[in-house]
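Trainee: kindly return the folded structure for what I paste below:
(one chain, ligands or ions: 1)
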Amino acid sequence: MEQYVIKGGNPLVGEVEIGGAKNAALAILAAATMTDETVTIENLPDVRDTNVLMQAMEEIGVHIDRIDRHTVKINAGNINDLVVDNEYIKKIRASYYLLGALLGKYKKAEVALPGGCNIGSRPIDQHLKGFRALGAKADISHGHICVETEKLVGNHIYMDVVTVGATINIIMAAALAEGQTIIENAAKEPHVVDVANFLNSMGANIKGAGTDVIRIRGVEKLHKTEYSVIPDQIEAGTFMFAAAATKGDVTVKNVIPKHLESISAKLIEIGCEIKESDDAVRVVSSKPLTHTHVKTLAYPGFPTDMQPQIAVTLALSEGTSIVTESIFENRFRYVDELTKMGANIKVEGNTAIIEGVKKYTGAHIDAPDLRAGAALVIAGLAAEGITVVDDILYIERGYEDFDAKLRGLGAQIEKATDENEVQKLKLKIG
Ligand code: UD1
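Mentor: Numbers count the residues shown, from 1 in each chain. Purely as a prediction, here's the structure:
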């Protein structure tokens, strides 16, 4: 089991380059199977989740050429199996994007039920509702989601909840359906827009992505394209809160500042200074941080994927803060770990009541999931003494070179593979 050993207490200072958005990349990789022509995808993050998805795609006959670390050429002209059941695919959430993509192109697909982070119940009823509305049979059988139809026909679909995954899945299937599909109460996240832009660059006809009504006029087929994935809003936000919590001065580069507005607004509220330029945001944390209230919401609200990172920062800020999680019900599992470091947080239902403390002290803690894991690393960077974070596999699902990027900002963080190494590193950096 890999672990991070962190010696906290240094303010993070400098510049960090943000990679392509994991959640956009996952959907775009799946959507790339919707043409027989070769698609080039750039700015792909080299993280575990994208690599697992590509491996599963290769297993059904998709040809993937890795041009360099962040560029792939994908040809899905010879898919020979419409059943996706790779050993690892069950662990990632985005496996379900192959349903919409393959259903659109082949009118049939079967994908093992998705896993992903354990952050609460993660139903797929809205995906199934969407596929059924387009005329497909959609059932769950023997742990697989099976979708099939003779033909897909556009429809008017009202989503019961705002869901990123179902919105993207329906867009993909509808892109190759007959006639027009209208999705109401659609998710507006930047990656929904990115996937729509990608499909439009392949010849799809999708309008309104980024608003809550998306109109898709089905086309007969899609063609080749070259496309660059948008920057990762959550990776950027994670470094922004790391700067705040460590009293640092960090510029996140290669970002779209508009996508970071809800994050920047909260940082300003708690006492940071934010300087935006065209493709960078600088966070300066030089004053004592203060409390705030925050509730996670669908975009453009404050992202649920940033909830642990803001909570870790608020737990070091003066006064009482309240964090309400409105998207996933089980997203406070990191609180017990943070308590070991001296945080004073009480969770009641979907709300965390945080009494700010003056400092964290290093401890041996577990990363319970991807974003909470990254948040606990931030806590370790801000803490007095040494913190060991276990289960960093979770963090590597979504952050490329997280430790190296942090070292570039002056952090003392090293990766260890066993307890012996942990002890050696403790001596080296302690
Ligand atoms: C995606 C992101 C995840 C992020 C989440 C919310 C990926 C791979 N993951 O997850 O990092 O935290 O968006 O921004 O992109 N829901 C239903 N029925 C459904 C689908 C969802 O009730 O069929 C509910 C969920 O339980 C949740 C809410 O809708 O309460 C939002 O979920 P959704 O946006 O679908 O999340 P994911 O696409 O799974």
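Trainee: which residues of the stretch 101-250 of the chain lie near the ligand?
Mentor: The stretch 101-250 of the chain comes close to the ligand at residues 122-127, 161, 163-166, 187, as judged by CB under 6 Å from any ligand atom. For every residue, glycine as well, the C-beta is placed using N, CA and C.
Trainee: just the buried ones among these, please.
Mentor: By neighbour count, with 16 or more other CB atoms under 10 Å, those hold 122, 124, 126-127, 163-166, 187 as buried.
Trainee: check the residues you listed for the minimum pLDDT and say which it is.
Mentor: Lowest pLDDT among these: residue 122, with 78.
Trainee: quick check, that one in a helix?
Mentor: No: Residue 122 sits outside any helix when classified using DSSP: H, G, I helix; E, B strand; the rest coil, being coil.
Trainee: looks to me like residue 283 is in a strand.
Mentor: Yes: judged by three-state DSSP, residue 283 forms part of a strand.
Trainee: on that earlier part again, go through the residues of the stretch 101-250 of the chain next to the ligand and flag which are in helices.
Mentor: 125-127, 164-166 (DSSP state H).
Trainee: so residue 114 touches residue 98, yeah?
Mentor: No: at 9.9 Å, residue 114 does not count as touching residue 98 under the criterion of CB atoms under 8 Å.
Trainee: more crowded one of these two?
Mentor: residue 98 (29 against 21; other CB atoms under 10 Å).
Trainee: let me know the helix or strand that that one is in.
Mentor: Applying DSSP states H and E as the criterion places residue 98 in helix 97-106.
Trainee: hmm, who's touching that helix?
Mentor: With contact meaning CB atoms under 8 Å, 6 or more residues apart in numbering, helix 97-106 is reached by 26-27, 29-31, 33-35, 56-57, 76, 79, 82, 84, 108-109, 111, 127, 131, 136, 145, 147-149, 152, 165, 168-177.
Trainee: report the buried residues of the helix or strand just after that helix.
Mentor: Sequence order places strand 108-112 as the next helix or strand after helix 97-106, per DSSP H and E. For strand 108-112, a neighbour-count test (16+ other CB under 10 Å) marks 108-112 as buried.
Trainee: ditto for stretch 329-343
Mentor: 331-335, 337-338, 340-343.
Trainee: for those, which one is nearest residue 322?
Mentor: Using CB to CB, residue 332 comes nearest to residue 322 of the buried residues of stretch 329-343, at 12.6 Å.
Trainee: phi and psi next, for the closest one.
Mentor: Per-residue torsions, residue 332: phi -120, psi 20 (degrees, to the nearest 10).
Trainee: how close does residue 72 sit to the ligand?
Mentor: For residue 72, the distance to the ligand equals 18 Å [CB to the nearest ligand atom, to the nearest Å].
Trainee: how about residue 286, what does it touch?
Mentor: Shown in contact with residue 286 (CB under 8 Å, 6+ apart): 247, 249, 273.
Trainee: just the buried ones from these?
Mentor: Neighbour counting with 16+ other CB under 10 Å marks 247, 249 as buried within these.
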